[in-house]
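Enquirer: Pasting the sequence and the predicted model now:
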Amino acid sequence: MLTGKMAPAMFIERFRPSITPIALRSYLAEFISTFFYVFSVIGSAMASRKLMSDAATDPSSLVIVAVANTFALSSAVYVAANISGGHVNPAVTFGMAVCGRISVPTALFYWISQMFASVMACLLLKVTTVAQHFPTYAIANEMTGFGASLVEGVLTFALVYTVYAASERGSPGAIGPLTIGMMAGALVLASGPFSGGSMNPASAFGAAVVGGSFKNQAVYWVGPLIGAAAAGLLYDNVVLPAQARDSGRGTLEGIGV
């Protein structure tokens with residue numbers, strides 16, 4: 001009987017730090033940043049299709065999307081960095097949770113904010129552009145789901161590793177977010193024709209919901225989540241353990257915290 005009463009109390013106590021005013025502001029910051037990031041990335045793909053008759057095979061279309069990723073992610077991370085940490089990506093949040101940088105309940109609320117923001121951004125694009133073709137992430141015909149998932153995992157590993165490295169710089173500023181955005185743009189250029197270069201489960205999920213196609217959706221979850229966790233564990237336990245960080249290496253406030 002006592003155990004039955006204690007269980008709800010323990011559950012509430014576990015979630016209490018995740019529903020404070022500060023935490024709620026973090027979720028709002030994640031929603032806003034993710035919304036505009038997804039809006040920019042998916043919107044750039046739609047814009048290239050509108051301007052080019054065969055955007056799928058035109059190299060300039062890939063450049064447009066890569067540049068949009070660079071600018072949008074840099075800006076989205078920067079504006080949310082001091083409030084929520086500027087994750088803008090469920091894979092980044094997952095890596096932080098696995099490494100113990102944020103709690104699991106907080107990570108779940110981050111995910112909800114990011115996923116909802118992505119769906120809303122895609123829905124706005126779909127409604128306002130009416131008959132315009134709505135793009136969804138897809139893998140190349142000659143690739144298998146396993147191969148595409150492996151590619152997305154490697155890409156996300158590189159991106160999350162960059163997030164961790166950027167968080168350890170001593171002076172706050174725009175260089176950390178800019179570095180993260182540049183890495184994302186480079187990875188899109190390297191992988192766009194193969195797996196779409198998502199690296200972001202929220203972006204892929206929002207596009208799938210609004211576009212009405214969940215084909216190979218697991219590719220954009222399994223690979224990125226494993227890649228993000230591997231990057232976080234490697235960085236926190238091998239490359240720069242907590243003891244090394246505490247011995248004098250400063251951190252960039254907000255990013256990846």
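Expert: That came in fine, so what should we check first?
Enquirer: mind listing the helices for this structure?
Expert: Secondary structure of the chain (DSSP state H): helices at 2-15, 21-51, 59-80, 90-98, 104-129, 145-166, 175-195, 201-211, 219-234, 242-246.
Enquirer: Least confident of the ones you listed, on average?
Expert: Note on the helices of the chain: helix 2-15 shows the lowest mean pLDDT, a mean of 60.
Enquirer: So Leu123 is in contact with Val210, correct?
Expert: Yes. Using CB atoms under 8 Å, Leu123 is in contact with Val210, at 5.3 Å. C-beta coordinates here come from the backbone N, C-alpha and C atoms, glycine included.
Enquirer: who has more neighbours, those two?
Expert: Neighbours were counted for Leu123 and for Val210 using other CB atoms under 10 Å; Val210 has more, 21 against 14.
Enquirer: how much space is there between the more buried one and Ala148?
Expert: Going from Val210 to Ala148 by CB to CB, to the nearest Å gives 21 Å.
Enquirer: okay, now the closest residue to Thr129 other than its chain neighbours: neighbour count?
Expert: In this structure, Thr129 finds its nearest non-sequential neighbour in Met46, 6.3 Å apart by CB to CB, 6 or more residues apart in numbering. For Met46, the tally of surrounding residues (other CB under 10 Å) stands at 18.
Enquirer: do Phe116 as well
Expert: 17.
Enquirer: ok, now which ones touch it?
Expert: Residues in contact with Phe116 (CB atoms under 8 Å, 6 or more residues apart in numbering) are Phe31.
Enquirer: and what of Phe94?
Expert: Ala107, Leu225, Ala228, Ala229.
Enquirer: Between these, identify the one with the most neighbours.
Expert: Going by other CB under 10 Å, Ala228 tops those with 30 neighbours.
Enquirer: thought that one was touching Ala91?
Expert: Yes. Using CB under 8 Å, Ala228 is in contact with Ala91, at 3.9 Å.
Enquirer: Now do the shared contacts for those two.
Expert: What both Ala228 and Ala91 touch, as defined by CB under 8 Å, 6+ apart, is the set Thr156, Val160.
Enquirer: on that earlier part again, Thr136: which of the helices of the chain is closest?
Expert: helix 201-211 (3.9 Å; CB to CB).
Enquirer: which secondary structure elements does the closest one contact?
Expert: helix 21-51, helix 90-98, helix 104-129, helix 219-234 (3 or more CB pairs under 8 Å, 6 or more residues apart in numbering; DSSP states H and E).
Enquirer: How many residues are close by Ser40?
Expert: So Ser40, with other CB under 10 Å, has 20 neighbours.
Enquirer: Same check on the one 5 residues further on?
Expert: Other residues near Ala45 number 25, with proximity taken as other CB under 10 Å.
Enquirer: so it sits right up against Val65, yeah?
Expert: Yes. At 5.5 Å, Ala45 and Val65 qualify as touching, with contact defined as CB under 8 Å.
Enquirer: ok so, going back, now distance to Pro135 too, for the helices of the chain, in CSV please.
Expert: Formatted as CSV, the helices of the chain follow (distance: least, CB to CB, whole Å):
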stretch, distance to Pro135
helix 2-15, 37
helix 21-51, 5
helix 59-80, 9
helix 90-98, 20
helix 104-129, 10
helix 145-166, 16
helix 175-195, 12
helix 201-211, 7
helix 219-234, 14
helix 242-246, 40
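Enquirer: Kind regards, and thank you for your time.
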